[in-house]
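Trainee: With the sequence up front, the predicted model follows.
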Amino acid sequence: MPSAPIRTPLWLLALITLSGTLAMHIFVPALPLAAKALGATTHATQLTLSTYIAGLAVGQLVYGPVSDRYGRRPVLIAGMLVYTAASLAAFFAPTIGVLIVARLFQALGGCSGLVLGRALVRDGASGAEAARKLSLMNLMTMAGPGLSPLIGSALAETTGWRSIFVALTLLGLANLALIHALLRDRPVEDGKDVRHVMRNYLALLRSRAFLGYTIGGGCATTALYAYIGAAPFIFVNQLHRPTYEVGVYLAINVLGIWFGSLAASRAVSRMPTARLMILGNLISCVAATLFLAAALSGWLNVAIGAACTALGGLGGNPMLAAGSVLFGAGILAQFAFWLANRARA
């Protein structure tokens, strides 16, 4: 007889899910302050964000199969222990190199909540109920990217940039206490062995449609993270705005993403998904083109910066590099989507 579904409070699953993305966004407004304090270059400081994103990407490939074999609860506890320890290490980091490594392990630990929070919803519900709970949890977790830049700006301005990692350490400890007290695990089933998992991954890599949509989607959605990494240096160093305003501008961008997601969820029932992806990415390409033109002409100002979400930041001139990198990413995404649609046809 199959075991009864294990139900966990949805607010707890939302909390452990947003912890991973919260740590990514909350530190962004403090990047210029950290660069000055540690004597680091803009590019080196931005690696604390790009390394974090890389950690999230790698972790998502691992936690699912591992938790299938060893159970959600112990794997989640292990991940949160890594997250908490790495947050504490980031607080004491004496150099930018140590901070980058700490951020990598912080992402690898925080990714456990990002993956297993949704897995636990599916463990306790199925069908329409699972879809409803996942939608509700996504609404809860959307508050994280919107509020975290504001929180990060406030902490950096009042108590210094290192206080952000004190807050994240406390969040990790709270997660561990709540998981221990409230999370029940399902009985461990025989998970897939490593060879089976690798065969599945190889099968996906042979699919031209999968690769097209993955590369296209990655390029399209990377615009947000590239913008987040460049924005503090653009606003503070090039547009000469105070640090506390960075959180406000980032929150405006996240609000735009939220409305875009809402519009896409309604439009998906009225037009083919492939056409919707191409149309949405085309809008991003237009925004990147306008941003690049403004950067080249020297006309860029704060309104422009808040309105354009398709930009990136590398090199000595974040404004110019932002438009160049993200314009290229948008074009590549369009081409990848076109190849994927041909492969499906």
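Mentor: Alright, I've got the coordinates. The model shown is predicted, which means the values in this text are computed figures rather than measured ones.
Trainee: okay, CA-based contacts and neighbour counts for the rest of this
Mentor: OK.
Trainee: Remind me which helix or strand Arg184 belongs to.
Mentor: Per DSSP states H and E: Arg184 is located in neither a helix nor a strand.
Trainee: before we move on, what about Ala14?
Mentor: Assigned by DSSP H and E, Ala14 belongs to helix 10-26.
Trainee: and His196, how many neighbours does it have?
Mentor: For His196, the neighbour count with other CA atoms under 10 Å is 11.
Trainee: list the helices and strands the host helix or strand of it packs on?
Mentor: When elements are assigned from DSSP H and E, His196 belongs to helix 194-205. Judged by 3 or more CA pairs under 8 Å, 6 or more residues apart in numbering; DSSP states H and E, helix 194-205 is in contact with helix 208-233.
Trainee: List the buried residues in the helix holding Ala14.
Mentor: By neighbour count on 16 or more other CA atoms under 10 Å, the buried set for helix 10-26 is 10, 12-26.
Trainee: C-alpha coordinates for the helix holding His196, PDB please?
Mentor: Output of helix 194-205 as PDB, limited to C-alpha atoms (Å, rounded to 0.1, in the frame of the first residue of the first chain):
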ATOM      1  CA  VAL A 194      24.400   7.300 -11.100                       C
ATOM      2  CA  ARG A 195      24.600   5.500 -14.400                       C
ATOM      3  CA  HIS A 196      20.800   5.800 -14.900                       C
ATOM      4  CA  VAL A 197      20.900   9.500 -14.100                       C
ATOM      5  CA  MET A 198      23.800  10.100 -16.500                       C
ATOM      6  CA  ARG A 199      22.100   8.300 -19.300                       C
ATOM      7  CA  ASN A 200      19.100  10.600 -18.800                       C
ATOM      8  CA  TYR A 201      21.300  13.700 -18.900                       C
ATOM      9  CA  LEU A 202      23.000  12.400 -22.100                       C
ATOM     10  CA  ALA A 203      19.700  11.800 -23.800                       C
ATOM     11  CA  LEU A 204      18.700  15.400 -23.100                       C
ATOM     12  CA  LEU A 205      22.000  16.700 -24.500                       C
END
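Trainee: in that helix, what's buried?
Mentor: Using 16+ other CA under 10 Å as the test for burial, helix 194-205 gives no buried residues.
Trainee: chain center to it: distance?
Mentor: Distance of helix 194-205 from the chain centroid (CA atoms, centre = their mean, to the nearest Å) equals 25 Å.
Trainee: just stretch 88-104 next, same as before
Mentor: In terms of CA atoms, centre = their mean, the centre of stretch 88-104 is found 19 Å from the chain centre.
Trainee: And the strands in this structure, which stretches?
Mentor: With DSSP state E as the criterion, the chain has no strands.
Trainee: mind checking which helix or strand of it has the lowest mean pLDDT?
Mentor: The weakest-scoring helix or strand in the chain, judged by mean pLDDT, DSSP states H and E, is helix 302-307 (a mean of 42).
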